[in-house]
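Peer 1: kindly return the folded structure for what I paste below:
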Amino acid sequence: MTIINQTPNTLKKETAKLSRWLHIYLSMVSFAVVLFFSFTGLTLNHPSWFGGDKQMVVKNKGQLNVNWVNQPDTNKIAKLEIVELLRKTYAVKGFVTEVRIDDAEVSVSFKGPAYSCDAFIDRATGSYEVSEIKMGLVAVMNDLHKGRDSGKGWGWVIDVSAVFLILVSLSGLMLLFFIKKRRFAGLITGAVGLGLCYLIYLLFVP
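Peer 2: Prediction:
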């Protein structure tokens, strides 16, 4: 049995090598993530610069099978059929976020990134009105940045992206400790950056 004893210098070199490897390849993997969240951070602060505040409202009217909604027992109202009809007829997107039923009306709401749709159905006649609000690509990216109405799948993308960026930052900090000539200046620069952020918060955030 061979026992390998690592000297402190060997361990230090291996740790530095691992830190460098992690920093380089994690940075490359998360390149698109950093670019996306950096750009959308700018568009969130200045939506009018990129047309992110523009929206288009589309309204439609129609008639559905009155038996779907004119039911004394509200549990028998054909919710699935109504949703599928709206999706097929008007290419409605997003998730169904709410179905409200009262004595006179059934309303269905859909939400997605930079998108919303509300349908109002008369229970007595089966006639309905659909109102869609659509926004542009920049608004879609802004909502993806915030995780608004984007579903659990995209929520996982945000979580994984956050973990990647944390690892990139920590591996870069770890790597700095192995560069003697840059260590002190790097730590001072990091401390100054952190202090500036805190100072800006104190001065400009109500």
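Peer 1: wait, Ser131 sits on Met56?
Peer 2: No. The pair Ser131 and Met56 fails to qualify as a contact (C-beta atoms under 8 Å) at a distance of 11.5 Å. The way it works is simple: take the backbone N, C-alpha and C, and place the C-beta from them, glycine included.
Peer 1: those two: which has the busier surroundings?
Peer 2: For Ser131 versus Met56, neighbours defined as other C-beta atoms under 10 Å are more numerous around Ser131 (13 against 9).
Peer 1: could you say what helices and strands the helix or strand that that one is a member of packs with?
Peer 2: Counting by DSSP states H and E, the secondary-structure element that holds Ser131 is strand 127-135. Contacts defined by 3 or more C-beta pairs under 8 Å, 6 or more residues apart in numbering; DSSP states H and E place strand 127-135 against strand 55-63, helix 79-90, strand 115-122.
Peer 1: from the chain's centroid, how far away is the next helix or strand after the second one?
Peer 2: Using DSSP H and E, the helix or strand that follows helix 79-90 in sequence is strand 95-101. What separates the centre of strand 95-101 from the centre of its chain is 21 Å, taken as C-alpha atoms, centre = their mean, to the nearest Å.
Peer 1: need the residue closest to the centroid of this structure.
Peer 2: Gly147 (2.6 Å; C-alpha atoms, centre = their mean).
Peer 1: check that one and give its pLDDT.
Peer 2: The predicted local confidence for Gly147 comes out at a pLDDT of 91.
Peer 1: is it correct that it is in contact with Gly153?
Peer 2: No. The pair Gly147 and Gly153 fails to qualify as a contact (C-beta under 8 Å) at a distance of 10.8 Å.
Peer 1: next, the angle from the strand holding Ser131 to helix 79-90.
Peer 2: Angle between the axes of strand 127-135 and helix 79-90 is 60 degrees (criterion: axes from the mean of the first three to the mean of the last three C-alpha atoms, to 10 degrees).
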